[in-house]
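*Asks:* Structure for the following, please:
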Amino acid sequence: MFHFCADPSILPDWQWFACYLTSGTHLAFYRSFLVVIVLLLVVAPLALGMGMLGALAQRSQVLPLSLLGRGYVNLVRGVPDIVFFLFVPIALGQGIEWVLHQVNCPDWDQPIRQGDDFVVCREAKMPPIGASAWVRNVYGFAMAAVAFALVFGAFVANTLYGAMQAVPRAQIETAEAYGLTRAQAFRRIVLPQMWVFALPGLSNIWQILIKATPLLFLLGIQDAVFWARELGGAKTSLFTYPHPDWRVWYFLVLLVFYLLLTWASERGFGWLTTRVSRGQATAEGERQRRRAAA
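*Replies:* Prediction:
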């Protein structure tokens with residue numbers, strides 16, 4: 001906030017906009033872009049880890065594990081994403097509160113389920129009653145990250161499973177014939193080669209994840225879409241900075257932000273594809289060999 005922002009109603013245009021664009025709500029709008037980036041950086045490794053576990057479960061020779069992996073993938077892929085985004089935070093939050101309730105309030109003599117209400121003792125509330133705003137924000141963000149990881153982990157699992165199956169079976173059999181165990185063959189033969197087949201699918205999932213980040217708004221997190229709608233809407237003279245409907249300009253900023261994010265992602269995945277294709281029997285690998293020979 002500049003020193004001349006005490007009374008915006010008397011400011012010329014450029015000073016008015018300088019004060020308007022540096023107000024507290026606009027600073028929150030700028031921080032919301034960082035929230036999107038942090039969500040992507042947190043969810044990506046979580047989803048990749050869950051996807052790897054799901055893919056390994058599908059490949060497992062232990063029937064219960066195989067059924068669990070296939071059930072997870074098919075269930076999540078068969079249900080609209082928004083259902084999981086809304087269901088997981090509620091279910092997980094109530095599960096945490098139920099456990100805390102059993103631990104902290106063993107003498108509770110009332111039912112937890114009272115009609116449509118979920119009632120636990122004060123000590124079991126999450127986030128804790130009286131918690132500061134940042135604790136509530138971190139808790140809500142963590143719930144959103146888990147929901148995103150569960151959903152996109154299933155798609156990653158399906159992609160990784162297909163990539164594992166694409167590695168020639170003859171190579172695995174040859175490795176086992178030379179005395180490698182199944183686990184060693186997977187680690188030395190399948191794992192290094194599967195990324196060549198997995199990266200195109202993982203690139204698509206990453207782009208879809210980027211496009212899904214505006215759903216944070218539905219989970220109660222004040223993301224960029226929330227602030228663009230709030231700040232861009234028409235403001236009357238009751239507000240410090242009255243203005244007409246400017247939502248088109250705010251959403252244009254979002255458009256540019258997401259286009260730049262997807263453009264940078266495409267370049268990053270292109271570099272990864274080139275790197276993992278070295279020495280591989282793929283079109284990119286052949287191009288690299290011909291280039292090196294020339």
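*Asks:* by contact count, what packs against the helix or strand harbouring Leu259?
*Replies:* Per DSSP states H and E: Leu259 is located in helix 247-276. For helix 247-276, the packing partners by 3 or more Cβ pairs under 8 Å, 6 or more residues apart in numbering; DSSP states H and E come out as helix 191-212, helix 224-232, helix 283-293. For the C-beta atoms, the positions are set from N, CA and C on the backbone; glycine is no exception.
*Asks:* 10 Å - rerun?
*Replies:* Contact analysis of helix 247-276 by 3 or more Cβ pairs under 10 Å, 6 or more residues apart in numbering; DSSP states H and E lists helix 24-59, helix 191-212, helix 224-232, helix 283-293 as its packing neighbours.
*Asks:* Dump these to CSV, plus distance to Ala131, mean pLDDT and mean neighbour count.
*Replies:* Below are those laid out as CSV (distance: least, Cβ to Cβ, whole Å; pLDDT from 0 to 100; neighbours: other Cβ atoms under 10 Å):
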stretch, distance to Ala131, mean pLDDT, mean neighbour count
helix 24-59, 19, 92, 17
helix 191-212, 28, 90, 18
helix 224-232, 21, 89, 20
helix 283-293, 51, 66, 11
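*Asks:* okay if I get those helices as a markdown table plus distance to Glu176?
*Replies:* Shown next, in a markdown table, are these (distance: least, Cβ to Cβ, whole Å):
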| stretch | distance to Glu176 |
| --- | --- |
| helix 24-59 | 15 |
| helix 191-212 | 15 |
| helix 224-232 | 51 |
| helix 283-293 | 25 |
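*Asks:* out of those, which comes closest to Leu255?
*Replies:* The closest of those to Leu255 is helix 224-232. By Cβ to Cβ, the value is 10.2 Å.
*Asks:* Tell me how far Leu191 lies from Leu65.
*Replies:* 18 Å (Cβ to Cβ, to the nearest Å).
*Asks:* Apologies, that question was intended for Arg182.
*Replies:* Noted for Arg182: a distance of 14 Å to Leu65, by Cβ to Cβ.
*Asks:* circling back: name the residues of the helix holding Leu259 that are buried.
*Replies:* Tyr250, Leu254, Tyr258, Leu261, Ser265, Phe269, Thr273, Val276 (16 or more other Cβ atoms under 10 Å).
*Asks:* What of stretch 72-92?
*Replies:* Buried residues in stretch 72-92 (16+ other Cβ under 10 Å): Tyr72, Val73, Val76, Asp81, Phe84, Phe85, Val88, Pro89, Leu92.
*Asks:* Which of those sits closest to Ala292?
*Replies:* Ranked by distance to Ala292 (Cβ to Cβ), the buried residues of stretch 72-92 are led by Val73 at 39.2 Å.
*Asks:* Which of the helices or strands spans the closest one?
*Replies:* helix 63-78.
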